[in-house]
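> Below are the sequence and a predicted model for it; my questions follow.
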Amino acid sequence: MPNNQKQYLWWQDGIIYQIYPRSFQDTNGDGIGDLRGIINRLDHLKWLGIKAVWISPIYPSPMADFGYDISDYTGIWPVFGNMADFDELLQEVHKAGMKLILDLVPNHSSDEHPWFLESRSSRDNPKRDWYIWKDAKPDGSPPNNWLSVFGGSAWEWDEKTKQYYYHAFLVKQPDLNWRNPEVEKAMHDIMRFWLDKGVDGFRVDAMWHMVKDAQWRDNPRNPEYKDYMATYEQLLPVYSTDQPEMHDIVARMRQVLDQYDERLMIAEIYLPVHKLVAYYGTHQKEAHLPFNFMLISLPWDSRLIAAGIDEYEGALPTGDWPNWVIGNHDQPRITSRVGQGQAGIAAMLLLTLRGTPTIYYGDEIGMRDVPIPPEEVRDPQGFNMPGKNLSRDPERTPMQWDDSTNAGFTKGEPWLRIDRSYVRRNVQAQRGDNHSPLVLFKKLITLRQQEQSLCTGAYRPVYSDHQMIAYIRQAEGQPAFLIVLNLTHRPCYFTPPIHFTGVIVIDTLPEQEQVSVKDKIELFGDEGMVVKLDHWESVSPTSK
Ligand code: GLC
């Protein structure tokens with residue numbers, strides 16, 4: 001890189017890849033993925049061009065919420081391996097020039113965590129106030145109307161000590177009391193434990209839930225609620241989430257990270273853009289990357305998405321760095337949301353927008369949500385709210401590596417069934433197929449790494465209508481790239497307010513690659529392209 005160019009940090013110009021460890025690679029035949037499995041598959045990530053691996057929780061847990069219910073924050077769940085395996089994983093990730101990001105779950109622990117066992121043992125236990133305990137109302141009902149994300153009341157009655165405790169998620173996931181400084185100190189110590197080992201950062205779970213209204217006021221009704229929605233959405237969580245006190249807490253977590261060099265804090269936050277960007281903090285004092293879930297939450301509509309990108313770019317505080325996500329372990333997979341053809345467009349968006357992309361394992365081969373029969377449902381969100389199709393199992397099925405039995409994932413019985421299409425939809429088969437999702441991802445990542453403009457260059461909206469979105473990416477003194485995306489299955493016609501000449505360098509329909517284009521472009525349905533521009537200029541009003 002020439003000296004006069006701004007240097008970017010690894011989490012700004014690199015790509016993050018999320019691994020759901022249960023489902024990535026099993027090495028001991030128990031049907032559940034493990035740490036050794038991740039070590040064995042690091043080559044895939046290296047080949048793909050990934051910079052950082054984020055692994056969902058690997059800590060000891062009763063697995064009521066598959067590891068998001070932690071009973072020991074500084075250990076390893078034996079089914080995943082042991083601390084020696086973890087140390088080796090960290091070493092191998094670093095040896096491969098990559099970074100390792102752990103999931104940190106500070107909002108709640110498992111009800112089997114020793115802290116909670118103490119807390120619930122008596123009202124005067126020193127750890128009583130580490131969790132949120134409240135008296136019943138005079139009629140015996142819960143202290144307020146707050147609902148659990150996973151269905152039902154968020155309050156659980158404890159018969160022994162005659163108080164309710166609060167759980168934003170499962171009964172087995174009591175919320176920690178972040179207004180108690182001892183809790184904060186304990187969590188900082190946990191962060192330091194992993195940072196001292198050399199872990200490169202955290203994805204902080206459920207950050208917007210961490211502090212609750214000091215007066216415990218009832219949440220208001222949601223006038224937009226419909227029967228098919230999760231029961232949690234009956235209320236607007238204005239008092240149970242996103243409280244102003246949260247920002248000082250995040251800033252103090254950031255201070256812990258800043259005592260180390262170049263460590264990263266990603267924050268899981270589902271909030272509208274104007275509230276989300278507040279979690280960057282004033283002068284970059286809070287999270288480095290509050291996850292931007294816009295491409296997951298918005299309907300797949302070119303006008304809404306174009307407006308959303310502009311809103312996000314416009315709302316970003318100066319000096320803060322954007323990021324984009326199209327899938328994770330809580331959301332239907334992109335291929336199932338928008339279809340196989342449009343999934344290529346989504347990949348192109350993800351990898352050509354300005355900001356750090358996070359890829360969910362398996363999306364690079366176009367894995368689909370797998371229908372799981374009711375008797376095989378494992379996810380508590382699925383069985384707590386049956387009939388609403390809210391189970392997250394379909395997007396958590398085992399990775400499809402090759403066409404051998406169980407897709408090369410396990411020699412045993414997989415913990416969740418595998419998509420039968422694995423015989424052709426797998427990493428091995430797609431690596432040699434120029435028309436596959438995997439090769440599209442690989443081409444996009446490679447180009448992004450080669451071209452400063454695509455990696456860190458400015459974003460400039462060019463055109464959008466009811467079918468398409470077009471924008472230019474350009475870094476100072478570098479060639480410009482025009483990205484043109486058809487978000488529908490029907491052809492569309494791009495006659496933009498610019499004159500340009502260029503060459504298509506990547507296309508979701510590879511036959512179009514290397515074709516020269518000038519001033520206007522016709523696109524097939526589901527077609528998206530990256531055009532390297534030789535020249536472009538705005539159409540001046542007088543030339544029309
Ligand atoms: C986050 C996780 C989700 C989990 C929940 C409770 O939203 O991503 O998987 O169920 O927190 O910990």
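Perfect, I can see it now. Numbers count the residues shown, from 1 in each chain.

> The ligand contacts on this structure?
65, 68, 105, 169, 205-206, 268, 329-330 (Cβ under 6 Å from any ligand atom). Heads up, the C-betas are built off the backbone N, CA and C, glycines and all.

> Counting neighbours, which of those residues comes out on top?
Within the residues of the chain next to the ligand, neighbour counts (other Cβ atoms under 10 Å) peak at residue 105, which reaches 29 neighbours.

> What sits closest to that one if chain neighbours are left out?
Leaving out its chain neighbours, the residue that sits closest to residue 105 by Cβ to Cβ, 6 or more residues apart in numbering is residue 205, at 4.3 Å.

> Repeat that for residue 516.
In this structure, residue 516 finds its nearest non-sequential neighbour in residue 503, 5.4 Å apart by Cβ to Cβ, 6+ apart.

> how far away is residue 48 from the ligand?
23 Å (Cβ to the nearest ligand atom, to the nearest Å).

> again with residue 388
16 Å.

> So what's the residue count around that residue?
Look at residue 388: counted by other Cβ under 10 Å, it has 15 neighbours.

> do the same with the one 10 residues further on
Per other Cβ under 10 Å, the neighbour tally for residue 398 reads 30.

> residue contacts, it?
Neighbouring residues of residue 398 by Cβ atoms under 8 Å, 6 or more residues apart in numbering: 23-24, 26, 33, 406-407, 409-410, 414-416, 418.

> neighbouring contacts of the lowest-mean-pLDDT helix or strand in the chain?
Every helix and strand of the chain was ranked by mean pLDDT, DSSP states H and E. The lowest is helix 380-384, at a mean of 93. With Cβ under 8 Å, 6+ apart as the test, helix 380-384 has contacts from 64-65, 149-152, 170, 230, 372, 377, 390-393.

> Quick check: closest non-adjacent residue to residue 521.
In space, and not counting its chain neighbours, residue 521 is closest to residue 494: 4.4 Å by Cβ to Cβ, 6+ apart.

> The one you found touches residue 462, doesn't it?
No. Residue 494 is beyond contact range of residue 462, at 9.1 Å (criterion: Cβ atoms under 8 Å).

> of those two, who's got more company?
Comparing residue 494 with residue 462 by neighbour count (other Cβ under 10 Å), the higher total belongs to residue 494, at 21 against 18.

> sorry, back to before: in a markdown table, list the residues of the chain next to the ligand along with distance to residue 177.
Compiled in a markdown table, the residues of the chain next to the ligand are given as follows (distance: Cβ to Cβ, whole Å):
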| residue | distance to residue 177 |
| --- | --- |
| 65 | 20 |
| 68 | 18 |
| 105 | 15 |
| 169 | 16 |
| 205 | 17 |
| 206 | 15 |
| 268 | 20 |
| 329 | 27 |
| 330 | 25 |
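
> Out of the residues you listed, which comes closest to the ligand?
Nearest to the ligand, judged by Cβ to the nearest ligand atom, of the residues of the chain next to the ligand is residue 68 at 3.3 Å.

> tell me the SS of the closest one?
Recorded secondary structure, residue 68: coil (DSSP: H, G, I helix; E, B strand; the rest coil).

> and it, what is it in contact with?
Taking Cβ under 8 Å, 6+ apart, we find residue 68 in contact with 56-57, 61, 103, 105, 169, 173, 205.

> Also residue 355?
With contact taken as Cβ under 8 Å, 6+ apart, residue 355 is in contact with 292, 321-324.

> buried stuff in stretch 500-515?
500, 502, 504-509, 512 (16 or more other Cβ atoms under 10 Å).

> what's in contact with that stretch?
Contacts for stretch 500-515 (Cβ under 8 Å, 6+ apart): 341, 344-345, 348, 434-435, 440, 443-444, 447, 481-482, 516-519, 524, 526-537.

> Counting neighbours, what do you get for residue 135?
Residue 135 sits with 9 neighbouring residues when counted by other Cβ under 10 Å.

> What pLDDT does the model give the closest residue to it other than its chain neighbours?
The shortest distance from residue 135 to any non-neighbouring residue, by Cβ to Cβ, 6+ apart, is to residue 163 (5.9 Å). On the pLDDT scale, residue 163 is placed at 98.

> measure residue 163 to residue 181 for me?
22 Å (Cβ to Cβ, to the nearest Å).

> Could you check which of the two has the larger neighbour count?
residue 163 (19 against 8).

> ok, residues contacting stretch 419-438?
Outside stretch 419-438, the residues within contact range by Cβ under 8 Å, 6+ apart are 44, 343-344, 347, 363-368, 370, 397, 399-403, 407-408, 439, 510.

> follow-up on the earlier one: redo the residues of the chain next to the ligand as TSV? Include pLDDT and distance to residue 13.
Compiled in TSV, those are given as follows (pLDDT from 0 to 100; distance: Cβ to Cβ, whole Å):
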residue	pLDDT	distance to residue 13
65	98	34
68	98	30
105	98	28
169	98	35
205	98	26
206	98	28
268	98	22
329	98	25
330	98	27
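
> Go through the residues you listed and flag which are in helices.
In helices, judged by DSSP state H, none of the residues of the chain next to the ligand are found.

> What is the nearest of the residues you listed to residue 300?
For the residues of the chain next to the ligand, the residue nearest residue 300 by Cβ to Cβ is residue 330; the value is 18.2 Å.

> is it true that residue 528 touches residue 488?
No. Assessed by Cβ under 8 Å, residue 528 is found out of contact with residue 488, at 11.3 Å.

> Among these two, which residue is more densely surrounded?
Between residue 528 and residue 488, counting by other Cβ under 10 Å, residue 528 is the more crowded of the two (27 against 18).

> Identify the residues contacting the more buried one.
Taking Cβ under 8 Å, 6+ apart, one finds 344-345, 348-349, 483-486, 507-508 in contact with residue 528.

> Just those: which are in strands?
Under the assignment DSSP state E, the contacts of residue 528 contribute 483-486, 507 to strands.

> mind putting those residues in CSV, distance to residue 185 and pLDDT included?
Below are those laid out as CSV (distance: Cβ to Cβ, whole Å; pLDDT from 0 to 100):
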residue, distance to residue 185, pLDDT
483, 47, 98
484, 52, 98
485, 48, 98
486, 53, 98
507, 54, 98
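
> these two touch, right, residue 126 and residue 180?
No. Residue 126 lies out of contact with residue 180 (Cβ under 8 Å); the separation is 10.7 Å.

> Between those two, which has more neighbouring residues?
For residue 126 and residue 180, the more surrounded residue by other Cβ under 10 Å is residue 180, and the numbers stand at 16 against 9.

> Kind regards, and thank you for your time.
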